[in-house]
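> Give the three-dimensional model of this entry:
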Amino acid sequence: MPRTSTLTPLEIPTGRFVQAPSVALPGFTHHYPLTIYVPPGYDDDRQYYPVAYMLDGQNLFGDVGSYAGGWHVHEVLDKRAAQGKTVPLVVGIHNGGLSRMSDFSPWDIQHNKGRGEAFLTAVVDVILPLIQTEWRVLQGPQHTMLGGSSLGGLMALFGFFRFPEIFGRVLSMSPSVWVGDGEILRYAADLPHTDGARVYVDAGGREGRTMSGGLAMTALLTAKGYVDKQDMMWRPDARGAHNEPTWRRRLPKAMTYLYK
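Residues are numbered from 1 along each chain as shown. Below you'll find the model as predicted:
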């Protein structure tokens, strides 16, 4: 009789998580925990992996600790790994709680001083070298992603414009382009096109000014020479809301675009 496999189609290799010690950033009083997703197979070879730095790290994986449920990023990436597709090592940078609004905005917002540029500079100066030393990650903008949603999505775009030599992959879900009355549009207006980049932007039809901000950002990128579905992707979502379940639903296609 033929041998029957004990594996089911649902059994796929899974990555693992490492809860790194909280990181102190110069100029900031809060210490920022890091949750690292290590791709399946990382421990079995000496391969180097692309790296994705993602904000609001407490929302990325499981539902515990997330306001409205996690993104389940690990499930999306485990499936990609099982299909032989590119999978990054993910560094989830937890937010600073009450300081989130200030940390994640390059401009003043709702009576909070915008410290986003200083925060990203500290991430580049402290967290990136730490990860590059401790983990086998590829370097260069084509291998380095910055991602987030809402204010985190704004920061992903700002990080790309501010540090194009570092972040060449952008995951910007429902970005808060409205901050500073659209200041990021003015900030980026005269910046050149960045060759080799991939910029993903989306927004939902139930998000009001976030959708109009996404459209404005897409128009700006198009005017700079970015081409939809090539070095940028604009994904409007008519039924999308401003919450984690919506971002979780859109994540697989975003990863497919960013890591073809």
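> which intervals of the protein have sub-threshold pLDDT?
Applying pLDDT under 70 to the chain flags residues 1-11, 63-69.
> is the spatially most central residue of the chain in a bridge, and if so with what?
Nearest to the mean C-alpha position of the chain, counting by C-alpha atoms, centre = their mean, stands Gly147 at 1.5 Å. Beta bridges link Gly147 to Met54, Leu171 when assigned by DSSP bridges.
> Show the contacting residues for Thr210.
By C-beta atoms under 8 Å, 6 or more residues apart in numbering, the contact set of Thr210 is Ser150, Ser174, Pro175, Ser176, Val177, Trp178, Ala203, Gly204, His242. Placement of C-beta: from N, CA and C, glycine included.
> how about a cut-off of 10 Å?
Contact analysis of Thr210 by C-beta atoms under 10 Å, 6 or more residues apart in numbering lists 150, 153, 173-178, 202-204, 240-242.
> Val201: what secondary structure?
What DSSP: H, G, I helix; E, B strand; the rest coil gives for Val201 is strand.
> Burial check on Gly152, number of neighbours?
As a burial measure, Gly152 scores 26 neighbours (other C-beta atoms under 10 Å).
> how close does the closest residue to it other than its chain neighbours get to Gly70?
Nearest residue to Gly152, sequence neighbours excluded (C-beta to C-beta, 6 or more residues apart in numbering): Leu55, at 3.7 Å. The gap separating Leu55 from Gly70 is 14 Å, by C-beta to C-beta, to the nearest Å.
> Which one's more surrounded, the two?
Leu55 (30 against 21).
> isn't the more buried one right next to Trp71, touching?
No. Between Leu55 and Trp71 there is no contact under C-beta atoms under 10 Å: 11.6 Å.
> which neighbours do these two share?
Shared contacts of Leu55 and Trp71 (C-beta under 10 Å, 6+ apart): Gly92, Gly147, Ser149.
> what residues are up against the last one?
This points to Ser149. Residues near Ser149 by C-beta under 10 Å, 6+ apart: 54-56, 59, 71, 155-156, 171-176, 202, 242-244, 246-247, 250-251.
> how deep is the closest residue to it other than its chain neighbours tucked in, by neighbour count?
Excluding its sequence neighbours, the residue lying closest to Ser149 (C-beta to C-beta, 6+ apart) is Met173, at 3.9 Å. As a burial measure, Met173 scores 30 neighbours (other C-beta under 10 Å).
> I'd like to know how far Met173 sits from Ile127.
Met173 sits 21 Å away from Ile127 when distances are taken as C-beta to C-beta.
> Kindly report the same for Pro245.
Using C-beta to C-beta, one gets 28 Å for the distance from Pro245 to Ile127.
> Neighbour count for those two, which is higher?
Neighbour count, other C-beta under 10 Å: between Pro245 and Ile127, Ile127 has more, with 18 against 12.
> Wasn't the more buried one part of a strand?
No. Counting by three-state DSSP, Ile127 falls outside a strand, being helix.
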